[in-house]
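Student: Next one to model:
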Amino acid sequence: MKDLQKLAGAKILSKKEQQSVKGGKMQCYADGTCPAGWTCISGTCERYILE
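Tutor: Below is the predicted model of the structure:
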């Protein structure tokens, strides 16, 4: 990872910028659901962990 930072023009992305990268988060289905074990929060599927 440190070698990537040495590349000319490389930029460190913030957490928010990383999440906006295509493929960063799974979109909820059109009906507002997600696969088993996931829940739809603000349009993206988040892992649902039982505590």
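Student: Could you verify that Gln18 is part of a helix?
Tutor: Yes - counting by DSSP: H, G, I helix; E, B strand; the rest coil, Gln18 is located in a helix.
Student: burial count for it?
Tutor: If you count neighbours by other Cβ atoms under 10 Å, Gln18 ends up with 11. C-beta coordinates here come from the backbone N, C-alpha and C atoms, glycine included.
Student: just Thr39 next, same as before
Tutor: A count of neighbours around Thr39, defined by other Cβ under 10 Å, yields 12.
Student: ok, now Thr44?
Tutor: By other Cβ under 10 Å, 15 other residues sit near Thr44.
Student: Just confirm it contacts Tyr29, I think it does.
Tutor: No - with contacts counted by Cβ atoms under 8 Å, Thr44 stays clear of Tyr29, the gap being 11.4 Å.
Student: so where's the chain uncertain?
Tutor: Low-confidence segments of the chain (pLDDT under 70): 1-2, 4-5, 22-23, 50-51.
Student: can you give me the strands in the chain?
Tutor: Under the criterion DSSP state E, the chain carries strands at the ranges 38-41, 44-47.
Student: Excluding chain neighbours, give the residue nearest to Cys28 in space.
Tutor: Among residues not flanking Cys28 along the chain, Cys40 sits closest, at 3.8 Å (Cβ to Cβ, 6 or more residues apart in numbering).
Student: Now do the contacts for that neighbour.
Tutor: By Cβ atoms under 8 Å, 6 or more residues apart in numbering, the contact set of Cys40 is Cys28, Tyr29, Gly32, Thr33, Cys34, Glu46.
Student: That one pairs with what?
Tutor: As for beta bridges, Cys40 partners with Cys45 under DSSP bridges.
Student: Number the chain from 9, please
Tutor: All right, first residue 9 from here; so that's Cys48.
Student: separation between it and Gln26?
Tutor: According to Cβ to Cβ, to the nearest Å, Cys48 and Gln26 sit 20 Å apart.
Student: same question, Gly45
Tutor: Gly45 is 23 Å from Gln26, by Cβ to Cβ.
Student: Could you give the number of residues near Cys36?
Tutor: 18.
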